[in-house]
Structure formats: C-alpha cells, structure tokens
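Undergrad: I'd like to go over a predicted model; first the sequence, then the structure.
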Amino acid sequence: MTRRVPISEWKLTQAEANVMDVMVATGCRKAAARRLEISAHTVASHTEAARRKMQVENTTRATVLWDRFRRGGATL
C-alpha cells in the first residue's frame, strides 16, 4: 500500500468536493449524476481525480474517507 497524502494536501477542487459529498449521500454514480444534473461520466471523472489526490485504492474507500473527513473524524 502506498503512503497516503495528508488531508491538508488533498486540495480537491470545489467540483470534486461537491461530487464526493453527493457520493456519500447517494452511494451511486448514476444517482449522484441525477442529483447534480451532470453526466455519470463527469461524476466518474471527479471521483477518480479525488481518489488519486487522496491516494486511496478505490472509489469506495475514497467515499468512506471523505465522509469521515466531513464529519471531522478522518485521520491519516
């Protein structure tokens, strides 16, 4: 496993953060796309960019970590 970037260095764009918030709420790219009124492809692009910045293995892990961060409980 690679060393993760500290939360302070994630530097997600506003669009990436918005998509991650909705992914936490919906758990599904298609539902997130409908809610945000953007394409599922755009949701996938933003979640992939966020995942890379967070240096986690997959979108599910990124979503869980983002949820913890937003709730104030994420630590790395």
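TA: Looks like it arrived, so ask away.
Undergrad: just checking, what packs against the helix or strand where residue 50 lies?
TA: Assigned by DSSP states H and E, residue 50 falls within helix 40-54. With contacts taken as 3 or more CB pairs under 8 Å, 6 or more residues apart in numbering; DSSP states H and E, helix 40-54 sits against helix 14-26, helix 29-36, helix 59-71. Backbone N, C-alpha and C define where each C-beta goes, glycine included.
Undergrad: residues in contact with stretch 29-45?
TA: Stretch 29-45 is contacted from outside by 18-19, 22-23, 25-26, 47, using CB atoms under 8 Å, 6 or more residues apart in numbering.
Undergrad: ok, the spatially most central residue of the chain - contacts?
TA: Nearest residue to the geometric centre of the chain (CA atoms, centre = their mean): residue 20, 3.7 Å. Residues in contact with residue 20 (CB under 8 Å, 6+ apart) are 12, 46-47, 50, 62-63, 66.
Undergrad: on that earlier part again, now do the buried residues in the helix holding residue 50.
TA: Using 16 or more other CB atoms under 10 Å as the test for burial, helix 40-54 gives 43, 46-47, 50-51, 53-54.
Undergrad: Please apply the same query to stretch 24-38.
TA: 24, 26, 29, 32-33, 36, 38.
Undergrad: would a markdown table of the residues you listed with pLDDT and distance to residue 72 be doable?
TA: Shown next, in a markdown table, are these (pLDDT from 0 to 100; distance: CB to CB, whole Å):
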| residue | pLDDT | distance to residue 72 |
| --- | --- | --- |
| 24 | 96 | 14 |
| 26 | 96 | 21 |
| 29 | 95 | 26 |
| 32 | 97 | 22 |
| 33 | 98 | 28 |
| 36 | 97 | 24 |
| 38 | 98 | 28 |
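Undergrad: orientation of the helix or strand of the chain with the lowest mean pLDDT relative to helix 14-26 in degrees?
TA: Least confident helix or strand of the chain, by mean pLDDT, DSSP states H and E, is helix 59-71 with a mean of 93. Helix 59-71 and helix 14-26 are oriented at 100 degrees to each other (axes from the mean of the first three to the mean of the last three CA atoms, to 10 degrees).
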